[in-house]
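Student: Generate coordinates for the sequence data below:
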Amino acid sequence: MKKVYFASDQHFGAPTPELSLPREQKFVAWLDEVKHDAEAIFLLGDLFDFWFEYKTVVPKGFVRVLGKLAEIRDSGIPIYFFVGNHDLWMNDYFETELNIPVYHDNKEFTFNGKTFLIGHGDGKGPGDKGYKRMKKVFTNPFSKWLFRWLHPDVGVSLAQYLSVKNKLISGDEDVKFLGEENEWLVLYAKRKLETQHYNYFIFGHRHLPMIIEVGQDAKYVNLGDWIGYFTYGVFDGETFELKKFEK
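Tutor: I've put the predicted structure just below:
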């Protein structure tokens with residue numbers, strides 16, 4: 001079989017469009033490289049540092065990335081998108097304009113007899129109760145309806161400001177490995193294995209590239225990010241690897 005590629009947490013647009021541009025160009029170069037042997041491409045959320053779809057308006061920018069995704073999808077290569085906590089207000093723009101399905105929760109896939117549970121990873125596991133409560137508010141249809149009444153120049157600018165102030169790329173938070181016993185997604189994967197077996201749990205969100213054994217022939221994978229690591233996952237039909245894009 002050809003290869004299945006996975007990437008997550010690009011956060012394009014942060015901390016500013018100008019500073020984000022080199023990372024966007026690097027990601028487009030990666031897409032150009034992997035399209036030659038890709039069976040499918042999975043994007044696991046936070047592609048944008050903020051995204052909101054008004055009825056007739058989407059955020060300005062990201063033309064290179066969106067154009068490359070359209071080109072690859074038009075060539076017949078499947079692309080799957082999972083919303084993250086920074087682009088959770090995505091609706092049907094990717095589906096209607098790019099023919100890319102959008103998922104708002106984990107989804108199972110099987111490749112060459114290996115089972116995968118794939119998602120962004122936010123709000124999973126036993127901890128992070130404050131975020132889980134906040135996510136319920138943000139995804140509530142009434143909350144989205146209220147936000148939509150803000151003029152895009154106001155709403156998008158405000159959301160972008162708050163997004164950058166409250167995350168890794170601002171430099172205000174130092175993400176470190178917490179140990180298997182404290183990594184919520186590791187605990188989540190082990191709990192899932194009590195009722196159903198998966199060969200791979202593929203997530204983003206944590207921004208740390210790691211592969212951890214969570215059971216017999218079962219691995220938890222975090223893809224890292226495209227801020228400091230520029231890492232991605234690749235499954236060749238037999239094994240899964242994390243690699244760094246060096247170009």
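
Student: Show me what counts as buried in stretch 211-227.
Tutor: Neighbour-count burial for stretch 211-227 flags 212, 214-215, 218-227 (criterion: 16 or more other C-beta atoms under 10 Å). Where C-beta positions appear, they are placed from N, C-alpha and C, glycine not excepted.

Student: any idea which of the residues you listed is closest to A40?
Tutor: When those are compared for distance to A40 (C-beta to C-beta), L223 wins out at 14.9 Å.

Student: returning to that earlier point: how about the buried residues of stretch 211-227, which pair is most distant?
Tutor: G215 and I227 (30.3 Å).

Student: Return the residues in contact with the residue nearest the centre of the chain.
Tutor: Nearest to the mean C-alpha position of the chain, counting by C-alpha atoms, centre = their mean, stands G45 at 2.0 Å. Neighbouring residues of G45 by C-beta atoms under 8 Å, 6 or more residues apart in numbering: 8-9, 81-87, 119-122, 204-205.

Student: Now the helix or strand containing K26: average pLDDT?
Tutor: Using DSSP states H and E, K26 sits in helix 17-34. For helix 17-34, mean pLDDT rounds to 96.

Student: Could you identify the helix or strand that succeeds it?
Tutor: strand 38-43.

Student: what's that following strand packed up against?
Tutor: strand 3-7, strand 79-82 (3 or more C-beta pairs under 8 Å, 6 or more residues apart in numbering; DSSP states H and E).

Student: Endpoint to endpoint, stretch 236-247 covers what distance?
Tutor: 21 Å (C-alpha to C-alpha, to the nearest Å).

Student: now do stretch 101-116
Tutor: First-to-last residue span, stretch 101-116, C-alpha to C-alpha: 17 Å.

Student: Next, the buried residues of it.
Tutor: For stretch 101-116, the neighbour count (16+ other C-beta under 10 Å) marks 102-103, 106, 109, 111, 114, 116 as buried.

Student: Could you work out the most separated pair of these?
Tutor: V102 and K114 (23.9 Å).

Student: What residues does the nearest residue to P209 once chain neighbours are set aside make contact with?
Tutor: Spatial nearest neighbour of P209, excluding adjacent residues (C-beta to C-beta, 6 or more residues apart in numbering): G224 at 3.3 Å. Residues in contact with G224 (C-beta under 8 Å, 6+ apart) are 8-9, 207-210, 230-232, 242.

Student: ok, so of those residues, who is nearest W30?
Tutor: Looking across the contacts of G224 and measuring by C-beta to C-beta, the closest to W30 is Y232, at 6.9 Å.

Student: want to try JSON lines for the helices and strands packed on strand 38-43, with mean neighbour count and mean pLDDT as columns?
Tutor: Putting the helices and strands packed on strand 38-43 into JSON lines (neighbours: other C-beta atoms under 10 Å; pLDDT from 0 to 100) gives the following:
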{"stretch": "strand 3-7", "mean neighbour count": "23", "mean pLDDT": "98"}
{"stretch": "strand 79-82", "mean neighbour count": "22", "mean pLDDT": "97"}
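
Student: okay if I get these as CSV plus distance to K60?
Tutor: Below are those laid out as CSV (distance: least, C-beta to C-beta, whole Å):
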stretch, distance to K60
strand 3-7, 23
strand 79-82, 20
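
Student: closest one to N199 among those strands?
Tutor: Using C-beta to C-beta, the nearest of these to N199 is strand 3-7, at 12.6 Å.

Student: Strands along this structure, start to end?
Tutor: Secondary structure of the chain by DSSP state E: the strands cover 3-7, 38-43, 79-82, 102-103, 107-111, 114-118, 200-203, 209-215, 218-223, 231-235, 240-244.

Student: out of the ones you listed, nearest to V154?
Tutor: strand 102-103 (25.6 Å).

Student: Cool, thanks, talk later.
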